[in-house]
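# everything below, folded, please.
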Amino acid sequence: FGYEGGAFTGAKREGKPGLLDQANHGTAFMDEIGELPLFLQVKLLSVLQDHKILRVGGTTPRSMDIRFVCATNRDLEKMVDDGTFRKDLYYRLNVIPVGIPPLRERKEDIFVLTLSFLDKFCKKYHRNLSFVPEAMDCLYEYSWPGNVRELENVVERLVVLSQTGLIEKADLPEKIRQASEVVVLTVPSSENNRKVIPLKAAVAATEKQWIERAFQQNKQLGPTAQALGIDISTLLRKCKRLGIRRTATLAEMP
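Residues are numbered from 1 along each chain as shown. Presented below is the predicted three-dimensional model:
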């Protein structure tokens, strides 16, 4: 919120504009809004309602025209129920909610983000590194419970600790390497033998098996997609990728 000149001991004579002053006629991004203490929630609510701020030591409110974008990984509705987040502030902020899926549900972003972080930290530490394909596959298979921050931290660690110009699978943390280890998959045969295949192939084989079984039970695209919990376009992409010969007729399209 800034302060006026002479508002407290050591304050600048001319005062100091706050972050909201700097965001006037623009956008203020407030990360981790769920961590805002209750006494500051009251002040923020006042800004949202009255479009004015009052600097520390000031007596005259200043008009503000600010677009607020807020982010959190906490359940604000539950915090409202628990009394740790103001209900009136929650509904003031929750005008256009945008849900961002976890990284494990948008794996296509892993490659782009990894290269972006690699470039960032190579410049920071004056290194010249690249990932071998096997290491990149491991990053793709990992579930990333810490989302983008975890990926960023892992890439920075690899850049700092790498002894060569290549980041290999052996350089990755053990929990990430294990994500692409082989698993035991039962392959039907007269001898009922068990064949060990790579995890990616096992997942694809299982996925293909379940999609084909769903088609056998539901026949058409719509009911099949609904049974699998995916939309029709996703089902068609999977059929193409897995080599399942099944195309939509006009009558089946939504």
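# low-confidence ranges, the stretch 151-254 of the chain, go.
180-200, 246-254 (pLDDT under 70).
# so where do the strands sit in the stretch 151-254 of the chain?
166-167, 183-186, 194-197 (DSSP state E, counting those that start in this stretch).
# my error: substitute the stretch 1-150 of the chain in the last question.
Going by DSSP E, counting those that start in this stretch, the stretch 1-150 of the chain shows strands at 26-30, 52-53, 62-63, 66-70, 130-131.
# of those strands, which is nearest Y3?
strand 52-53 (11.3 Å; Cβ to Cβ). (C-beta placed from N, C-alpha, C; glycine too.)
# strands paired with that closest one, and their directions?
strand 62-63 (antiparallel) (DSSP bridges).
# now do stretch 45-61: distance to the chain's middle.
34 Å (Cα atoms, centre = their mean, to the nearest Å).
# 24 is where my numbering starts, stick with that
In the new count, where the first residue is 24, that last one comes out as stretch 68-84.
# how close does the closest residue to I56 other than its chain neighbours sit to K192?
Nearest non-adjacent residue to I56, counting by Cβ to Cβ, 6 or more residues apart in numbering: C93, 4.0 Å away. Computed with Cβ to Cβ, to the nearest Å, the distance linking C93 and K192 is 39 Å.
# and for L184?
For L184, the distance to K192 (Cβ to Cβ) stands at 14 Å.
# looking at the two, which is more packed in?
Using other Cβ atoms under 10 Å, the more surrounded residue of L184 and K192 is K192, with 17 against 9.
# do I have it right that that one meets A158?
Yes - between K192 and A158 there is a contact under Cβ atoms under 8 Å: 4.8 Å.
# in this structure, which helix is the longest?
helix 222-241 (DSSP state H).
# does anything pack onto that one? Which helices or strands?
Counting contacts by 3 or more Cβ pairs under 8 Å, 6 or more residues apart in numbering; DSSP states H and E, helix 222-241 packs against helix 156-164, strand 206-209, helix 244-251, helix 255-265.
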